[in-house]
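> Here's my sequence, what's the structure:
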Amino acid sequence: MADFLPFRGIRYDPELLAGAGPATLDAVAAPPYDVIDDEERAALEARDPHNSVRLILPHDEGATDRYHVAAATLAAWGRLGILRTDLAPQLYGYEMRFHDDAGQPRRTRGVLGALALPTAVNGGDGTAILPHERTLPKAKSDRLELLRATRANTDPIWGLSLTDGLTQLLDPVGDAAAACVDGEGVEHELFPIQAPDRIEAIRAAVARTPVVLADGHHRFETAGNYRDERLAAGIDDVGAAAIMTLVVELVDHELSVRAIHRLLDGIAPVDLRVALRDVFEVIDAGANEPDAVAALRRRMVDEGGLGLVDRDGLALLVPLPQVFAERLLDVPAEARDVDAARFEAGVMPVIPDARVTYRNDAAAVAAIVDKGAADAAVLLRPVTVDQIRRAALAGVRMPQKTTFFHPKPRTGMVFRSLDD
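Residues are numbered from 1 along each chain as shown. Here you go, the predicted structure:
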């Protein structure tokens, strides 16, 4: 069973934030660390001296490394009363209201708590928590250093619950205790859940079925490594045995999943259109223009293909069934229809030394190639909620950077100390 625990949240005191209204955290909230580039980090730092980006992406200061700078900043804000710790352990309802890519109004409603870590975060001890993507080692080492120094969960990971009806237990009661609007116009609200009977009902619902990791695999594995490190040192660290997690019911109406596209550099002298003809039917899709990119994405869905953006424009890549039947033999059945697996099996073998970076905005990716900042790009289709469910229940991890859940919860709505 997944053990989902209340905790004493650390929250901003809006009264002490310059220019903030009641519960308004626009100036201090930030996106998750892994979607912030250098330009946005500078903008967030300039917005307010207490912006939470200073905790998740700190700078070195003289002889003090960035991780201990973050720890000192967190402690200082607590001493000054900028941050206050709630008196009693509680859960926190979290709601995001937004418009999806089709312009339709949507809502994601979840609950924040401390999810107890399994005995082995990399698998092997049951199905209470089910990862669904492979991970990259570099980000894990960075987050481990930050966790060691701050002893705090500064932003939540995502978990998806298979329990029907969890959302119905999360109806807000009263006004939001914290709110903000992000740069995309998404409205975020936090609602403390304090009633013991309601907390127990939510905990029981989360425990009833496995929790599927949606986002934050690096931080989840990092938390497990830190917990194991403490145990190996003979320290029974109760706080390190859990991680702050946003749990959302795994249903279509609560989730919006985007694709993560692949930007390619260092592919010369390979002509991708020629090199991929043994693996895909390569169909020219016109010039690299915004309307044509949108049309290509529709064709990708209708015809079951990937998209190519190169210096010659756009192309549709339709996998050749007989080729992929052989190339995906070693891929679990639940992941064979995932475009990230097709990219790994069909595209990467012809450009094994390419540098790959990841973006979730197809129009932005196409523009990057158009201005020569990347050699080419491959556009992927988003995975479906059903694909995520089937893969997770089968214990199958999809390739890294397969899913981009949108929108993202904001850093700064609530923090969790490992020492409380």
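> quick one: the strands in the stretch 1-150 of the chain?
4-5, 9-12, 83-85, 91-99, 105-116, 129-130 (DSSP state E, counting those that start in this stretch).
> Give the other helices and strands that the longest one contacts.
Strand 105-116 is packed against strand 4-5, strand 91-99, helix 196-208, strand 242-249, with contacts defined by 3 or more Cβ pairs under 8 Å, 6 or more residues apart in numbering; DSSP states H and E. Yep, even glycine has a C-beta here, placed from its N, CA and C like the rest.
> Tell me which strands the first one pairs with, and in which orientation.
Using DSSP bridges, the neighbouring strands of strand 4-5 in the sheet come out as strand 105-116 (antiparallel).
> contacting residues for Cys240?
Careful, residue 240 is Ala and not Cys. Ala240 makes contact with 151, 223, 226-227, 230, 418, according to Cβ atoms under 8 Å, 6 or more residues apart in numbering.
> Could you rerun that using 10 Å?
Applying Cβ atoms under 10 Å, 6 or more residues apart in numbering to Ala240 gives the contacts 117, 147, 151, 223-224, 226-231, 418-419.
> Asp375 too?
Asp375 neighbours (Cβ under 10 Å, 6+ apart): 263-268, 270, 272, 309-311, 351, 354-355, 369.
> Repeat that for Ala315.
Remark: with contacts taken as Cβ under 10 Å, 6+ apart, Ala315 is in contact with 272-273, 276, 280-286, 296, 305-309.
> Also Leu264?
Counting by Cβ under 10 Å, 6+ apart, Leu264 touches 270, 272, 308-310, 347-348, 351, 354-357, 369, 374-378.
> helix, strand or coil for it?
strand (DSSP: H, G, I helix; E, B strand; the rest coil).
> can you start the count at 15 instead of 1 from here on
In the new count, where the first residue is 15, that last one comes out as Leu278.
> Any figure for the gap between it and Val383?
Distance, Leu278 to Val383, using Cβ to Cβ, to the nearest Å: 9 Å.
> before we move on, the earlier item: the contacts of Ala254 in strands, which ones?
The strands, defined by DSSP state E, take in nothing from those.
> Got phi/psi on the nearest residue to Asp389 once chain neighbours are set aside?
Once flanking residues are discounted, Asp389 sits nearest to Ile281: 4.8 Å by Cβ to Cβ, 6 or more residues apart in numbering. Here is the backbone geometry of Ile281 (degrees, to the nearest 10): phi -100, psi -10.
> Report pLDDT for Ile281.
If you check Ile281, the pLDDT there is 95.
> buried residues in stretch 367-381?
Neighbour-count burial for stretch 367-381 flags 368, 370, 373-374, 376, 379-381 (criterion: 16 or more other Cβ atoms under 10 Å).
> so what's the residue nearest to Asp389 up against?
Ile281 neighbours (Cβ under 10 Å, 6+ apart): 289, 324, 361, 364-365, 367-369, 388-390.
> now do Arg424
Listed by Cβ under 10 Å, 6+ apart, the contact set of Arg424 reads 39-40, 42-46, 66, 108, 110, 169-170, 192-196, 200, 202, 204.
> Which among those count as buried?
Of the contacts of Arg424, these count as buried by 16+ other Cβ under 10 Å: 39-40, 42-46, 66, 108, 110, 169-170, 192-194, 196, 200, 202, 204.
> What is the neighbour count of Leu330?
Leu330 has 21 neighbours, counted by other Cβ atoms under 10 Å.
> A helix includes it, no?
No. Counting by three-state DSSP, Leu330 is located in no helix; its state is strand.
> nearest residue to it other than its sequence neighbours?
Ile297 (4.3 Å).
> if I pick the one you found, what's in contact with it?
Applying Cβ under 10 Å, 6+ apart, the residues near Ile297 are 310, 313, 317, 319, 322, 328-332.
> gap between it and Val332?
Counting by Cβ to Cβ - Ile297 and Val332 are separated by 7 Å.
> Quick check: which element contains Cys194?
strand 192-195 (DSSP states H and E).
> mind checking pLDDT for Thr417?
On the pLDDT scale, Thr417 gets 89.
> Work out the gap between stretch 162-181 and the centre of the chain.
Centre-to-centre, stretch 162-181 and its host chain are 11 Å apart (Cα atoms, centre = their mean, to the nearest Å).
> Equivalent analysis for stretch 269-279, please.
Worked out by Cα atoms, centre = their mean, stretch 269-279 lies 12 Å from the chain centre.
> Kindly report the same for stretch 158-169.
17 Å.
> burial measure for Ala282, as a count.
Neighbour count for Ala282, taken as other Cβ under 10 Å: 9.
> Let me see the contact set for it.
365, 368, 389.
> OK, contacts around the first one?
Neighbour list for Ile365: 278-282, 284, 286, 289-290, 389-390 [criterion: Cβ under 10 Å, 6+ apart].
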